[in-house]
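>>> Below are the sequence and a predicted model for it; my questions follow.
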Amino acid sequence: MGIFCINHNPSITSTTPMKTISPNFFPHLQNPNFGSSFNCRNRHLSTTSAPSHIPLCVSSHATTLKITEPASTLQEICKGHVPEHILQRLREIGFVEPTDVQKESLPYLFSGRDGILHAQTGSGKTLAYLLLIFSLISVQKSAVQALIVVPTRELGIQVTKVARMLAASPSGLESEGRKYTVMALLDGGMLKRHKSWLKAEPPTIVVATMGSLCLMLEKKVFSLEALRVLVVDEVDFMFNSSNQIHSVKKLLTLYSKISSRQTVFASASIPQHNRFVADCIQQKWTKRDVVHVHVNAIDPMPSCLHHRVVICSKNERLQVLLTLLRKDGPKCAIIFANEQSEKSKKAGNAPSTTSLVDFLIASYGNDGSEIQLLEEDMNFNSRAAALSELRQRGDCLLVATDIAARGVDLPETTHIYNFDLPGSAVDYLHRAGRAGRKPFSKERCIVTNIVVSVERFVLQRFENELVFQCEELSL
Ligand SMILES: Nc1ncnc2c1ncn2[C@@H]1O[C@H](COP(=O)(O)OP(=O)(O)OP(=O)(O)O)[C@@H](O)[C@H]1O
């Protein structure tokens with residue numbers, strides 16, 4: 001796969017106010033609905049590098065662009081940048097071949113440029129930014145040198161686990177002296193203990209949710225003076241959330257310095273991405289030479305996903321779900337239901353997640369499948385325990401709200417059921433993306449939507465926006 005850089009309009013210079021760059025500068029990148037890069041075919045693409053003060057968009061599509069260079073291994077890409085013991089850990093874990101987003105982003109990130117990693121769900125963005133982090137931090141320094149901000153505790157727990165897995169000593173090499181330390185600073189967690197830890201000996205890497213992080217920064221429990229890398233994962237979610245956006249902006253412009261850190265944003269969905277890149281520069285969230293690495297621009301979702309729809313009446317939905325589960329017999333599946341509305345809570349109704357779990361335990365549970373629940377109202381320990389149980393067993397049915405839709409990586413998941421339709425196409429993309437998470441596997445995974453007839457047009461809108469088609473099932 002070659003790296004293709006779009007030849008930039010020479011009239012854009014470092015003095016051009018970036019706000020004035022309209023999406024028309026990148027006409028071939030526009031999908032009017034989703035804002036994704038769209039149809040790179042037959043357009044003029046050049047391998048010329050843009051001057052470093054101009055934001056760069058790297059866009060590729062695995063099936064349409066010809067691969068002319070021999071694929072490098074992850075080790076080759078990282079050599080000279082990432083410490084040897086981390087490379088050894090990569091080999092031990094079995095990460096040998098780079099995914100497209102790793103192959104395309106790492107050379108830019110290692111050269112010191114800020115990056116926007118925009119690639120399908122399950123494409124390996126986490127490893128890409130962690131490798132950048134390990135290339136820059138030092139075990140000798142007792143200070144927080146890398147910060148990864150995530151929207152949910154579940155994603156925080158997961159990223160912490162991957163970072164710790166990479167930071168562990170390779171087998172046969174018991175480390176002498178200092179080690180990288182990774183702290184999960186997550187809302188609802190043990191903040192008192194973390195406060196003492198941060199004061200006594202700051203960890204090298206902090207993975208945090210916004211609430212806890214701001215609390216610690218405002219109380220000056222630790223500072224970000226030594227910060228080398230700042231990652232905002234699921235960046236579109238963070239910028240879209242009225243609770244988080246103010247704090248994220250403060251973090252980017254007030255609590256840490258753009259000039260002394262490398263900034264990485266990651267997500268599988270960045271609607272209006274050209275506008276976002278321009279904002280990054282104008283608002284000084286990133287440096288001017290930020291690289292927008294957009295992989296699989298014309299397919300927002302993994303091609304291994306097969307989408308289906310069943311239309312039924314509201315009263316039939318539980319029975320339809322049961323029939324589907326019995327027919328599909330998934331080893332590991334996630335059933336998404338919407339969060340209970342305030343109105344329904346006030347009326348004293350049981351949340352639909354609880355009713356679903358009760359129904360499944362009564363009618364499906366004794367098929368041998370473990371049924372787990374993950375929703376906002378559960379406390380930190382129950383949420384962590386549910387996730388850990390799912391990881392260990394690998395053969396569970398998970399009933400969840402959208403807190404499990406972003407970033408959660410349960411690679412054995414082959415089936416997604418939307419018991420309730422998600423609120424937007426972006427939410428659909430992230431829910432669907434909890435399946436099909438083995439980067440080099442061709443295994444077909446199935447996303448099934450159970451809808452009442454009046455909802456069919458909503459699903460059709462998602463199909464248009466995300467460029468997919470549902471097979472209609474009649475049961
Ligand atoms: N080079 C690699 N080789 C094999 N597996 C990999 C590689 N890189 C990542 N993976 C695996 O791919 C899966 C998905 O990776 P990851 O969670 O980073 O995806 P993501 O792009 O962040 O997805 P999302 O947008 O849903 O958060 C993980 O199970 C990870 O271990």
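Done, it's in.

>>> Quick check: pLDDT value at Lys66.
With respect to pLDDT, Lys66 scores 37.

>>> got a list of what the residue nearest in space to the middle of the chain touches?
Residue closest to the mean C-alpha point of the chain, counted by CA atoms, centre = their mean, is Gly407 at 4.2 Å. Going by CB atoms under 8 Å, 6 or more residues apart in numbering, Gly407 touches Thr126, Val150, Pro151, Thr152, Glu154, Leu155, Gln158, Val159, Asp233, Glu234. The C-beta positions use only the backbone N, C-alpha and C, and glycine is treated the same way.

>>> The stretch 351-475 of the chain against the ligand: which residues are in contact?
Contact residues (CB under 6 Å from any ligand atom) of the stretch 351-475 of the chain with the ligand: Gly407, Asp409, Pro411, Gly433, Arg437, Pro439.

>>> Repeat that for the chain.
Residues of the chain lying near the ligand (CB under 6 Å from any ligand atom): 74, 95, 97-99, 102, 119, 121-127, 268, 407, 409, 411, 433, 437, 439.

>>> Give me the neighbour count for Ser424.
When neighbours are counted by other CB atoms under 10 Å, Ser424 registers 16.

>>> which of the residues of the stretch 351-475 of the chain next to the ligand has the most neighbours?
Counting neighbours by other CB under 10 Å, the top entry in those is Gly433, with 28 neighbours.

>>> how about the residue nearest to it when sequence neighbours are not counted, what does it touch?
The spatial neighbour of Gly433 that comes closest, neighbours along the chain excluded (CB to CB, 6 or more residues apart in numbering), is Thr121 at 2.4 Å. Thr121 is in contact with Ala268, Met301, Pro302, Leu429, His430, Ala432, Gly433, Arg434, Gly436, Arg437, counting by CB under 8 Å, 6+ apart.

>>> Low-confidence ranges, the chain, go.
Low-confidence segments of the chain (pLDDT under 70): 1-71, 172-177, 365-369.

>>> Next, the buried residues of whichever strand or helix holds Val159.
According to DSSP states H and E, Val159 maps onto helix 153-167. Neighbour counts over helix 153-167 (16 or more other CB atoms under 10 Å) mark 153-163, 166-167 as buried.

>>> do stretch 140-151 as well
Buried-residue list, stretch 140-151, by 16+ other CB under 10 Å: Ala143, Val144, Gln145, Ala146, Leu147, Ile148, Val149, Val150, Pro151.

>>> can you check stretch 298-318 too?
Buried residues in stretch 298-318 (16+ other CB under 10 Å): 298-302, 304-312, 317-318.

>>> circling back: pick the one among the buried residues of helix 153-167 closest to Ala386.
Nearest to Ala386, judged by CB to CB, of the buried residues of helix 153-167 is Glu154 at 9.0 Å.

>>> where along the stretch 251-400 of the chain do the strands fall?
Under the criterion DSSP state E, counting those that start in this stretch, the stretch 251-400 of the chain contains strands at 262-267, 291-295, 305-311, 333-336, 370-374, 396-400.

>>> Looking at the ones you listed, which is nearest to Ser111?
For Ser111, the closest of those is strand 291-295, at 9.2 Å, according to CB to CB.

>>> That closest one to strand 262-267, inter-axis angle?
30 degrees (axes from the mean of the first three to the mean of the last three CA atoms, to 10 degrees).

>>> returning to what we had before: can I get the CA coordinates of the helix holding Val159 in PDB?
The C-alpha coordinates for helix 153-167 follow below in PDB (Å, rounded to 0.1, in the frame of the first residue of the first chain):
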ATOM      1  CA  ARG A 153     -14.400   4.000  32.100                       C
ATOM      2  CA  GLU A 154     -14.700   0.900  30.000                       C
ATOM      3  CA  LEU A 155     -12.400   2.300  27.300                       C
ATOM      4  CA  GLY A 156     -10.100   3.600  30.000                       C
ATOM      5  CA  ILE A 157      -9.700   0.200  31.600                       C
ATOM      6  CA  GLN A 158      -9.000  -1.400  28.200                       C
ATOM      7  CA  VAL A 159      -6.400   1.200  27.000                       C
ATOM      8  CA  THR A 160      -4.700   0.900  30.400                       C
ATOM      9  CA  LYS A 161      -4.500  -2.900  30.000                       C
ATOM     10  CA  VAL A 162      -3.000  -2.700  26.500                       C
ATOM     11  CA  ALA A 163      -0.400   0.000  27.700                       C
ATOM     12  CA  ARG A 164       0.500  -2.200  30.700                       C
ATOM     13  CA  MET A 165       0.800  -5.300  28.500                       C
ATOM     14  CA  LEU A 166       3.300  -3.500  26.200                       C
ATOM     15  CA  ALA A 167       5.200  -2.000  29.100                       C
END
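
>>> for Ala405, what are its contacts?
By CB under 8 Å, 6+ apart, the contact set of Ala405 is Phe336, Pro422, Asp427, His430, Arg431, Arg434.

>>> let's see it at 10 Å
Counting by CB atoms under 10 Å, 6 or more residues apart in numbering, Ala405 touches 121, 152, 154, 234, 237, 334, 336, 416, 422, 426-434.

>>> Could you report the distance from Pro170 to Leu87?
Taking CB to CB, to the nearest Å as the measure, Pro170 falls 9 Å from Leu87.

>>> out of those two, which sits in the busier spot?
Shown here are Pro170 and Leu87; by other CB under 10 Å, Leu87 has more neighbours (21 against 16).

>>> which residue sits closest to that one in space, ignoring its chain neighbours?
Spatially, and ignoring its direct neighbours in sequence, Leu87 is nearest to Gln75 (5.5 Å; CB to CB, 6+ apart).

>>> residues in contact with the one you found?
Val82, Glu84, Leu87, Gln88, Leu90, Arg91, Phe95, Val96, Pro98.
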